[in-house]
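# sequence and predicted structure are below.
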Amino acid sequence: MYGQQGSRQRIRLGPAWDYLGIALLGIGLWVLLVVSNAFYSSVLATILIWTIATSGLNIIAGLGGYPSLVQGAFYGVGAYGSALAMKWGQPFWAACIEAVLAAGVLGLIVGLVFSRTRGQYFAIGTLFTGLVVALVLSNWQSLTNGLLGITVEFGFDSIDRLNAVIPAAAALSLMLVRFVSRRRLGWRLLTILEDEDLAEHIGVPTARTKLTGFVLSACVGAVAGVLIAQYNGTISPDLFDYYVGFVMFVALSVGGAGRVLGPLLGSAFIVGIPDLLNLSSGIGLLLAGIIFVAVIIVIPGGFMSAIDAAMAAASRSVRR
Amino acid sequence: MTEFLEVEGASKTFGGVHAVVGMDIKLAEGQICGLIGPNGSGKTTLLGLLSGTYRPDRGTIKLRGQRLDGLSTYRTVQQGVARTFQTTRLFFRWPLGANLAAAAAARLLTSAGDEADGGQEKLLALVGLSGRGDIVCSSLSNAEQRLAMVAVALATRPHLLLLDEPAVGMSPAETAALAQVIHRIRGELGVTVLIVEHNMHFMMGLADRIVVMNAGRKLAEGTPAVIRSNPDVSAAYLGS
Amino acid sequence: MLIQAAVNGIVLGSLFALLGVGLTLTYGVMEVPNFAQAGVITLSAYAMLWLNQTAACPFWIAALGGMVVGGIVSVLTERIAYRFVRTRPLAAPVVALGLLLILDNTALILFGGDHVSLSPPYAGDVIYVGSARVPAVGVALIGTTAVALIALWLFLQHTRTGRAIRAVSQNAEAAAILGIRLERQYVVSFFISGILAGLVAFAYGPMYAVYPYMADAILLNAFVVVVLGGLGNVAGAAVSGFLLGLLESFGAIYVSAAYQTLFGFGVLLLMIVLRPAGLFTNRSRRVA
């Protein structure tokens, strides 16, 4: 319904095609995950798990325009929450639900605290919230074993099961954003993105809408955390340190904030490039930094905006 | 018998500045009321009180007997009050039709798609923007944008419409067209209108009643003819 | 105990003031937080180290050299990267991250990852103020901060370029209409910011170790200072730096040393929620 770049034509398929396309993408990614060797497989798995977390972030930050830098904290709560719950005797499925609930509650608190904060102040505030959460959790030795981290009990029937769930969850997270963006919550968030005060004046309950979006983002972030804990087998506090939230936001921006596929492309770029450029002593990260800067200067709107432009150019030349 | 709009003793102070002091206004349904006064007399603040942007420090505001003071902005909209702004505000990156759909949906007025489209076309025709629904708002001319803003406010199906200097930046011809639009809003939709405006000629020909504000208080009230011949009013304007 | 806390607070406050002023100068001009400042500090420190140890320059020359390197690197970040994303607030964090990776890893590649110490000639000295002990590096820090802030104040108040920078940071559009060439002000602001980063390196290096990620964490403190003082408010940042230093110092001594930085962050969260415009901004600036 509401295009963010109204005048530029975007290729629009019907809803069924969108979901089908994402489902096919998910299957393709699963195949890729299973046939790759151990190294590429683990890079891809990390990319997919990040896709889930950044897709969650896409709801409040992409649709709503609120630059949340605290997604890392919810990611960590998901990981630690599920691991600890299982340690305390909970079955896996219950542990997952509890971890997601915990993240939701944290999201509710943080959302309420920052309900009147906007723009770069929201960014700074959420960044420091993530920092405080990380500090508290890593210092709470009795709960989290501090910097040493904890081992995670494997909750799936087999590794194959896990390898199937990860791409499925990634695909579902993309579908979730697609779904939300067309429902009332989604377009209300979009009006808030465009002009929050005007949205309020046409009857949108902005405070309630933002809070709902934020809590939803937190819960999805926690799901990603549960999966990374399962995949890695051990977790430590640097999993959700303050910069994780920052980098997730960067990944979303590079991919295309507010766009369904943005999180996938952004995660592939931000996680993939450093991991694949696995060169010695910092050269890889140096190159990664150069690539990041170069890419965003060339396409400030992110990958999806570049794809839009390419498809528009292609359809123009087809018409001639 | 309760009046349509009843403002009693409304006051609002901002950090020592008495923006609005003890305002009393009563409007009957279907009236077009003008609100005039020199700069800084509190007109826009009064609009803010009516639209829920501000909560009055003292006094009450009632619409059809329901208390409006203290409601948040979006709740005020849901009670049937809509407003436009001095500087044009729209979802500029969206087409006009999308703006209207968002405003209508916010009040949960659209169920089936057809209803929405039919309503949109009528609304666009009413403000004189027929066929402009697919145009992105940033591409509309200034006058068109001002009219679009009115249409968006109307899309929320208000009982009371507050217009804050709607004619800003319009040529005499466009202003005359706007006056026609406002007449149609009252005549065809039955919406009560309160207009803040500096353009005297515009107001005199349009309003049933005029309320004059000065320094936050009501200075005078009456038909345009009465106001025009009131010496205090001219003094207030010349004095500022 | 009280005097020690106060003295520690002033030393820490000097560091925070330098950090905060350096960050707020470009924040006010760009409206985007410059995370890459941490990388500038790091490269500055390594430059000083190299000049002092490998090139055998006297310490003071090395310090000045490091500061100049800081200024140049900072200007480069503006000319090569930030310049292109001024109108794109969503792109800026990406640039900042990329720059940080570039700068930190350049240091890593050129100098290795070991923690090295930058030792000024007075490294071991200590002076006493009453019963409180102040390491000489602390005194040097206070001294250079005072000189730097005074010099900066004079520059911003009494030179044309300085006044132009203040005008731009208050209202870039109006400044452009008045004919102030924005480009030059951006470059000058970044240069000064880089010099201040060099000063931080000069102060921080001797107190802690020099290594590729040395400044990433203290930059967070810079944020607290910037928010307290008001984004773009240089005087505010200077004062807030000292306030924060004293707050953390007293908190560490009287409450708990482990949670020292947590005080600062707690203060920031409080400010963001209650008074985001900062302690010292009374005119209403756009908050979002």
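All right, it came through fine.
# and B:Val168, how close does it get to B:Thr44?
Between B:Val168 and B:Thr44 the computed distance is 12 Å (Cβ to Cβ, to the nearest Å). Placement of C-beta: from N, CA and C, glycine included.
# between these two, which contacts overlap?
Common neighbours of B:Val168 and B:Thr44 (criterion: Cβ atoms under 8 Å, 6 or more residues apart in numbering or on different chains): B:Gln86.
# longest helix in chain B, please.
Secondary structure assigned by DSSP state H gives helix B:172-189 as the longest helix of chain B.
# residues touching A:Asn232, list them.
The neighbours of A:Asn232, taking Cβ under 8 Å, 6+ apart as the test, are A:Val152.
# checking the residue nearest the centre of chain B next. Helix, strand or coil?
Centroid check for chain B by Cα atoms, centre = their mean gives B:Leu162 as the closest residue, at 1.5 Å. Secondary structure state of B:Leu162, per DSSP: H, G, I helix; E, B strand; the rest coil, is strand.
# the bottom helix or strand of the chain by mean pLDDT?
This is for chain A. helix A:141-144 (a mean of 78; mean pLDDT, DSSP states H and E).
# was after chain C, sorry
Counting by mean pLDDT, DSSP H and E, chain C has helix C:172-177 as its least confident element, at a mean of 68.
# figure out how far the helix or strand following that one is from the centre of its chain.
Following helix C:172-177 in sequence order, the next helix or strand is helix C:182-207 (DSSP states H and E). Here helix C:182-207 shows a centroid-to-chain-centroid distance of 7 Å under the convention Cα atoms, centre = their mean, to the nearest Å.
# if we can go back for a sec, show me what the least confident helix or strand of chain A is packed up against.
Using 3 or more Cβ pairs under 8 Å, 6 or more residues apart in numbering or on different chains; DSSP states H and E as the contact criterion, the elements in contact with helix A:141-144 are helix A:71-87, helix A:119-139.
# which residues touch it?
Under the criterion Cβ under 8 Å, 6+ apart, external residues in contact with helix A:141-144 comprise A:Tyr80, A:Leu84, A:Leu137, A:Ser138, A:Ile150, A:Pro237.
# for stretch A:157-175, same thing?
A:19, A:22-23, A:25-27, A:29-30, A:33-34, A:45, A:48-49, A:51-52, A:55-56, A:156, A:220, A:223-224, A:227, A:230-231, A:260-261, A:263-264.
# mind listing what's buried in it?
Within stretch A:157-175, the residues that count as buried by 16 or more other Cβ atoms under 10 Å in any protein chain shown are A:162-175.
# what do you get for stretch A:298-307?
Taking 16+ other Cβ under 10 Å as the neighbour-count basis, stretch A:298-307 is seen to contain the buried residues A:Ile299, A:Pro300, A:Gly301, A:Gly302, A:Phe303, A:Met304, A:Ser305, A:Ala306, A:Ile307.
# looking at the residues you listed, which are in helices?
Judged by DSSP H, helices contain the following of the buried residues of stretch A:298-307: A:Phe303, A:Met304, A:Ser305, A:Ala306, A:Ile307.
# let me know the closest of those residues to C:Gly124.
Closest approach between these and C:Gly124, by Cβ to Cβ: A:Phe303, at 54.5 Å.
# list the contacts of the closest one.
With contacts taken as Cβ under 8 Å, 6+ apart, A:Phe303 has the following neighbours: A:Val254, A:Gly255, A:Gly256, A:Gly262, A:Leu265, A:Gly266, A:Phe269.
# show me where the chain has its helices.
Picked chain A for this. Using DSSP H, the helices of chain A run over residues A:15-35, A:38-57, A:71-87, A:92-113, A:119-139, A:141-144, A:159-182, A:184-201, A:206-232, A:242-255, A:262-276, A:283-298, A:303-319.
# that was the other one, I meant chain C.
Along chain C, the segments classed as helices by DSSP H run C:2-30, C:37-49, C:59-80, C:92-111, C:136-158, C:160-170, C:172-177, C:182-207, C:218-229, C:234-254, C:260-274.
# could you dump the ones you listed into TSV and include distance to B:Ile61?
Shown next, in TSV, are the helices of chain C (distance: least, Cβ to Cβ, whole Å):
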stretch	distance to B:Ile61
helix C:2-30	41
helix C:37-49	51
helix C:59-80	52
helix C:92-111	44
helix C:136-158	48
helix C:160-170	38
helix C:172-177	37
helix C:182-207	46
helix C:218-229	38
helix C:234-254	40
helix C:260-274	29
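# could you say which of the ones you listed is packed most deeply?
Using mean count of other Cβ atoms under 10 Å in any protein chain shown, the stretch among the helices of chain C with the greatest mean number of neighbours is helix C:37-49 (a mean of 29).
# got the CA coordinates for that helix in CSV?
The C-alpha trace of helix C:37-49 is given here as CSV (Å, rounded to 0.1, in the frame of the first residue of the first chain):
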residue,chain,number,x,y,z
GLN,C,37,37.6,9.5,16.9
ALA,C,38,38.7,6.5,18.9
GLY,C,39,40.8,5.4,16.0
VAL,C,40,42.3,8.9,15.6
ILE,C,41,43.4,8.8,19.3
THR,C,42,45.0,5.4,18.8
LEU,C,43,46.9,6.4,15.7
SER,C,44,48.0,9.5,17.4
ALA,C,45,49.4,7.5,20.3
TYR,C,46,51.2,5.2,18.0
ALA,C,47,52.7,8.1,16.1
MET,C,48,54.0,9.6,19.3
LEU,C,49,55.4,6.2,20.3
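# among the contacts of A:Phe303, who's most crowded?
Neighbour counts for the contacts of A:Phe303 (other Cβ atoms under 10 Å in any protein chain shown) peak at A:Gly266, which has 32 neighbours.
# identify the residue nearest that one in space, chain neighbours excluded?
Spatial nearest neighbour of A:Gly266, excluding adjacent residues (Cβ to Cβ, 6 or more residues apart in numbering or on different chains): A:Gly255 at 2.5 Å.
# roughly how far apart are B:Gly59 and B:Glu29?
According to Cβ to Cβ, B:Gly59 and B:Glu29 sit 21 Å apart.
# wait, what's in contact with residue 229?
You didn't say which chain, so I picked chain A. A:Ala229 makes contact with A:Gly78, A:Ala79, A:Tyr80, A:Ser82, A:Ala83, A:Val152, A:Ile235, according to Cβ under 8 Å, 6+ apart.
# oops, wrong one, chain C.
With contact taken as Cβ under 8 Å, 6+ apart, C:Gly229 is in contact with C:Gly20, C:Thr24, C:Ala235, C:Gly236, C:Ala237, C:Ala238, C:Val239, C:Ser240, C:Gly241, C:Gly278, C:Leu279, C:Phe280.
# rewinding a little: in CSV: the buried residues of stretch A:157-175, plus pLDDT and distance to C:Ala81.
CSV is the format used below for those (pLDDT from 0 to 100; distance: Cβ to Cβ, whole Å):
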residue, pLDDT, distance to C:Ala81
A:Leu162, 93, 40
A:Asn163, 94, 39
A:Ala164, 94, 41
A:Val165, 96, 40
A:Ile166, 96, 35
A:Pro167, 97, 35
A:Ala168, 97, 39
A:Ala169, 97, 35
A:Ala170, 97, 31
A:Ala171, 97, 35
A:Leu172, 97, 37
A:Ser173, 97, 31
A:Leu174, 97, 31
A:Met175, 96, 36
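# sounds good, over and out.
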